[in-house]
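Novice: Provide a 3D model corresponding to the input given below.
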Amino acid sequence: MPKGKALIFTDEQKAFMAQHRVLTTPALSALFADKFGVTIIPASLRHYRLRHGLQSSSNGRFKKGHVPYTKGKKWDEFMSREGQAQSRATQFKKGHVANIGRRYNGAPIYAVGTERARADFTFVKVAEPNVWREKRRVVWEAARGPVPVGRVIISLDGNVHNCDLSNLMLATKAQNIIINHRIGRGTNPEATIASVHLAGLLAGISKAEKAKRRE
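Specialist: Model (predicted):
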């Protein structure tokens, strides 16, 4: 189904979906495409089913004792010639070893140690099956131990992707907030260190003033 187009179904297609309402949305989407030659992304089909009361009662998991409706059947009994050709084209060949093509909850499985840079931080995979942590924290903890409660790691040169230990420094959350909103960040490591100390003084003054007002 082309992006942006409204979902318009024929009476036959509507009846087909009602007949197979017990199927999960992904399964119905695949069966619908095989039957009518029209591909509908599961998300769009899911919205349609919800609007028309055709949602599956299944949570997507097979119940104990479930028997697939295709069990014991040949492809010709439940799949068109075109569908069979498409399935064969995507089947793994003999001797294929799955690697990056494997999925975990919809995400590719990468090797431990793989790094991925996002706009905010760089993350590194630390364990299977799909456990990622911020690289700066991993580097810091490997050399200095766990980050104390109430502290955050900052990058002295302003580059959050520079995870070299010499570029990392701890600051309190209060100092980090003051730097973000009152002092500002720069690219000079020495200036950043001075900013952290200044933010510490400002945080102390603010705390003392609040305590005085409570007296």
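Novice: Which secondary structure element of the chain has the lowest mean pLDDT?
Specialist: The helix or strand of the chain with the poorest confidence is strand 103-104; it has a mean of 54 (mean pLDDT, DSSP states H and E).
Novice: Specify the helix with the largest residue count in this protein.
Specialist: Longest helix in the chain, counting residues (DSSP state H): helix 189-214.
Novice: list the buried ones in that one?
Specialist: Burial within helix 189-214, assessed by neighbour count using 16 or more other CB atoms under 10 Å, is assigned to 191-192, 195-196, 199, 202-203. Placement of C-beta: from N, CA and C, glycine included.
Novice: repeat for stretch 180-190
Specialist: Ile183.
Novice: Other residues contacting that stretch?
Specialist: 156-159, 167, 179, 192, 195, 198-199, 202 (CB atoms under 8 Å, 6 or more residues apart in numbering).
Novice: Likewise for stretch 152-159?
Specialist: For stretch 152-159, contacts defined as CB under 8 Å, 6+ apart pick out 136-137, 140, 147, 162, 167-173, 176, 179, 185-189, 192-193, 196.
Novice: Can you give me the first-to-last residue distance of that stretch?
Specialist: 15 Å (CA to CA, to the nearest Å).
Novice: Likewise for stretch 150-166?
Specialist: Terminal-residue distance, stretch 150-166 (CA to CA): 21 Å.
Novice: Show me which positions of it end up buried.
Specialist: 152-157, 160, 163.
Novice: Spatially, what comes nearest to Ala203 if we skip its sequence neighbours?
Specialist: Distances taken as CB to CB, 6 or more residues apart in numbering place Ala174 nearest to Ala203, at 4.2 Å, with adjacent residues excluded.
Novice: burial measure for that neighbour, as a count.
Specialist: Per other CB atoms under 10 Å, the neighbour tally for Ala174 reads 16.
Novice: Tell me how far it lies from Arg151.
Specialist: As judged by CB to CB, to the nearest Å, Ala174 and Arg151 stand 10 Å apart.
Novice: what do you get for Val124?
Specialist: On the measure of CB to CB, Val124 and Arg151 end up 20 Å apart.
Novice: all strands for the protein, in order.
Specialist: Counting by DSSP state E, the chain has strands at residues 103-104, 107-108, 115-117, 122-127, 131-134, 151-155, 168-172.
Novice: Least confident of those strands, on average?
Specialist: Comparing mean pLDDT across the strands of the chain, the weakest is strand 103-104, with a mean of 54.
Novice: Excluding covalently adjacent residues, which one is nearest to Phe121?
Specialist: Glu134 (4.9 Å).
Novice: any low-confidence regions in this structure?
Specialist: Low-confidence segments of the chain (pLDDT under 70): 1-7, 54-71, 75, 77-79, 83-84, 86-109.
Novice: can we see that at 80?
Specialist: Scanning the chain for pLDDT under 80 picks out the ranges 1-9, 17, 20-35, 37-110, 129, 215.
Novice: Tell me where it has helices.
Specialist: 11-19, 25-36, 42-51, 75-78, 81-90, 135-144, 173-178, 189-214.
Novice: Looking at those helices, which is nearest to Glu115?
Specialist: For Glu115, the closest of those is helix 135-144, at 6.4 Å, according to CB to CB.
Novice: Can you tell me which helices and strands the closest one packs against?
Specialist: Applying 3 or more CB pairs under 8 Å, 6 or more residues apart in numbering; DSSP states H and E, one finds that helix 135-144 makes contact with strand 122-127, strand 151-155, strand 168-172.
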